[in-house]
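**Q** Pasted the sequence and its predicted model underneath.
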Amino acid sequence: MTSVKPLAVQLFSVRQDMTDDPTETLRRLAAIGYGAVEPTMGLLQADPARFRATLDGLGLSVCSLHAPALGAMRDEIAVAAAAIGTDAVIVPSVPAGEFTDGAGVARVARQLRDAAAWAADNGLRLGYHNHHWELSQRVAGQPALELLADLLPAEVFLEVDVYWAAVGGADVVALLHRLGDRVRYLHVKDGPATVDEPMTAVGGGTLPIVDILRAGPPDAWHVVELDRCATDMMGALADSHAYLTETAATGAAR
């Protein structure tokens with residue numbers, strides 16, 4: 001089954017548009033049909049309350065916030081999350097070098113546990129978002145991401161980026177089955193599944209999107225993100241929305 005939550009979009013996809021004209025960019029996303037957004041700290045325009053007011057006027061909600069919660073910005077992050085109306089803070093990246101051996105993975109797990117305690121103290125939940133290196137690098141015979149998941153307390157959830165997992169060599173369907181309910185968010189994207197080539201609208205690339213959505217938890221958030229695209233980005237986001245709400249939704253519900 002597909003998620004009952006509204007389809008969301010990661011605003012990194014339209015980062016330049018958000019810099020140039022955030023209100024018009026959000027209006028166009030709402031007009032496409034997206035019901036929620038996932039901003040980064042840098043895209044809040046240094047005014048989370050105004051950002052929230054714009055969203056409210058357009059009928060958009062915030063599914064989560066990408067923020068560097070392992071660093072020194074925690075007070076600012078907590079204030080921003082409250083202002084924009086989300087209780088989910090997701091660490092967007094940890095350097096690839098930390099996932100080359102068990103000591104590095106254990107170090108990341110300790111940092112995330114510490115950040116999760118901070119999050120709980122502030123009424124927040126903490127998550128982690130992967131790139132390709134957590135899957136391509138193996139530690140003790142398993143992908144580093146899965147070792148990390150084993151070391152984390154249950155309250156730290158995962159946002160699995162299905163595209164980067166595929167780039168890292170994972171069978172994404174099998175990975176999602178193994179991770180189970182630890183996964184609360186899916187970054188849904190498509191393309192040739194290579195590190196550097198442009199991505200495509202969801203449904204236009206090589207990933208088995210329907211099978212992937214079916215493998216994920218039915219109540220997980222689905223967040224469309226296209227890091228880069230050779231075609232018009234808004235057009236690709238519109239095509240992604242159409243695919244996910246029509247073709248993919250029907251197939252994943254079977």
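**A** Happy to help now that I have it.
**Q** Tell me how many other residues surround the nearest residue to Asp161 once chain neighbours are set aside.
**A** Once flanking residues are discounted, Asp161 sits nearest to His187: 3.9 Å by Cβ to Cβ, 6 or more residues apart in numbering. Where C-beta positions appear, they are placed from N, C-alpha and C, glycine not excepted. By other Cβ atoms under 10 Å, 25 other residues sit near His187.
**Q** and if you look at Gly59?
**A** 9.
**Q** before we move on, what about Asp101?
**A** Asp101: 14 surrounding residues under other Cβ under 10 Å.
**Q** how close does it sit to Ala144?
**A** 9 Å (Cβ to Cβ, to the nearest Å).
**Q** quick one on the thing from earlier: then the residue nearest to Asp161 would be within a strand, right?
**A** Yes: using DSSP: H, G, I helix; E, B strand; the rest coil, the secondary structure at His187 is a strand.
**Q** That one and Gln10 touch, don't they?
**A** Yes: under the criterion of Cβ atoms under 8 Å, His187 makes contact with Gln10 at 6.7 Å.
**Q** Distance check, Val167 against His131.
**A** 8 Å.
**Q** does Ala174 sit in a helix or strand, and which one?
**A** Take DSSP states H and E as the rule and Ala174 turns out to sit in helix 172-179.
**Q** and that helix, which residues are buried?
**A** Within helix 172-179, the residues scored as buried using 16 or more other Cβ atoms under 10 Å are Val172, Val173, Leu175, Leu176, Arg178, Leu179.
**Q** Which parts of the stretch 151-254 of the chain are helices?
**A** Secondary structure of the stretch 151-254 of the chain (DSSP state H, counting those that start in this stretch): helices located at 162-167, 172-179, 209-215, 233-245, 247-252.
**Q** Quick check: which helices or strands does the longest one pack against?
**A** So that's helix 233-245. Helix 233-245 sits against helix 22-32, strand 221-224, with contacts defined as 3 or more Cβ pairs under 8 Å, 6 or more residues apart in numbering; DSSP states H and E.
**Q** hmm, who's touching that helix?
**A** With Cβ atoms under 8 Å, 6 or more residues apart in numbering as the contact definition, helix 233-245 has outside contacts at 2, 7, 9, 13-14, 17, 28-29, 32-34, 188, 190, 199-204, 209, 222, 224, 226, 229.
**Q** circling back to that earlier point, closest to Arg50 out of the helices and strands packed on helix 233-245?
**A** Closest approach to Arg50 among the helices and strands packed on helix 233-245 (Cβ to Cβ): helix 22-32, 9.1 Å.
**Q** between that closest one and helix 233-245, how big is the angle?
**A** Relative orientation of helix 22-32 versus helix 233-245 (axes from the mean of the first three to the mean of the last three Cα atoms, to 10 degrees): 30 degrees.
**Q** next helix or strand past helix 22-32?
**A** Next along the chain from helix 22-32, counting by DSSP H and E, comes strand 36-38.
**Q** Now stretch 231-244: buried residues?
**A** By 16+ other Cβ under 10 Å, the buried positions in stretch 231-244 come out as Met233, Met234, Ala236, Leu237, Ala238, Asp239, Ser240, His241, Ala242, Tyr243, Leu244.
**Q** okay, those in JSON lines with pLDDT and distance to Arg74 next?
**A** Converted to JSON lines, those look like this (pLDDT from 0 to 100; distance: Cβ to Cβ, whole Å):
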{"residue": "Met233", "pLDDT": "98", "distance to Arg74": "32"}
{"residue": "Met234", "pLDDT": "98", "distance to Arg74": "34"}
{"residue": "Ala236", "pLDDT": "98", "distance to Arg74": "34"}
{"residue": "Leu237", "pLDDT": "98", "distance to Arg74": "31"}
{"residue": "Ala238", "pLDDT": "98", "distance to Arg74": "36"}
{"residue": "Asp239", "pLDDT": "98", "distance to Arg74": "38"}
{"residue": "Ser240", "pLDDT": "98", "distance to Arg74": "33"}
{"residue": "His241", "pLDDT": "98", "distance to Arg74": "34"}
{"residue": "Ala242", "pLDDT": "98", "distance to Arg74": "39"}
{"residue": "Tyr243", "pLDDT": "98", "distance to Arg74": "37"}
{"residue": "Leu244", "pLDDT": "97", "distance to Arg74": "34"}
